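In: structure, please.
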Amino acid sequence: MYLYKILSKENWEKSKGKEALHLPQEDEEFIHLSTEDQLKKIIEKYWKKVPEFFILKIDAEKLPGDLRFEANPGGTNKYYHLYNGYIPHRAIVASRTSGSNEPIK
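Out: Predicted coordinates for the structure are as follows:
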């Protein structure tokens, strides 16, 4: 199964040369992940005004921690959340920048 993570250019740069991704403060309690079908809505809601960001395709089997499919607090839509874990670079199978129209393979 593949999940997706959107990462700012700044956090992507900070992740270079490290074992795991440098994540934003919003991912402190748990790491927010999405399915491919959820990407467009998430980009529209949270990333529309960000000039450049990275979309990462992640092999969920390579994620250490407790992966749960659940609703956000106060919400009804379900998303994948990773508790007590991190995203190692080895779990990333593909990536693209926000400016690219190429599909993530």
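
In: which residues in this structure form strands?
Out: 2-8, 31-33, 53-59, 66-71, 78-83, 92-97 (DSSP state E).

In: tell me the bridge partners for the spatially closest residue to residue 92 that is not a sequence neighbour.
Out: Once flanking residues are discounted, residue 92 sits nearest to residue 56: 5.2 Å by Cβ to Cβ, 6 or more residues apart in numbering. Quick note: C-beta positions are derived from backbone N, CA and C, even for glycine. Note on residue 56: beta-bridge partners residue 5, residue 95, judged by DSSP bridges.

In: gap between residue 56 and residue 9?
Out: 12 Å (Cβ to Cβ, to the nearest Å).

In: which one of these two is surrounded by more residues?
Out: Set side by side, residue 56 and residue 9 show more neighbours around residue 56, with 23 against 14, by other Cβ atoms under 10 Å.

In: I figured residue 5 hits residue 35, correct?
Out: No. Using Cβ atoms under 8 Å, residue 5 is not in contact with residue 35, being 11.5 Å away.

In: quick one on the thing from earlier: now the strands of the chain in JSON lines, please, with extra columns for mean pLDDT and distance to residue 21.
Out: Formatted as JSON lines, these follow (pLDDT from 0 to 100; distance: least, Cβ to Cβ, whole Å):
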{"stretch": "strand 2-8", "mean pLDDT": "97", "distance to residue 21": "6"}
{"stretch": "strand 31-33", "mean pLDDT": "97", "distance to residue 21": "9"}
{"stretch": "strand 53-59", "mean pLDDT": "97", "distance to residue 21": "8"}
{"stretch": "strand 66-71", "mean pLDDT": "96", "distance to residue 21": "15"}
{"stretch": "strand 78-83", "mean pLDDT": "96", "distance to residue 21": "11"}
{"stretch": "strand 92-97", "mean pLDDT": "94", "distance to residue 21": "8"}
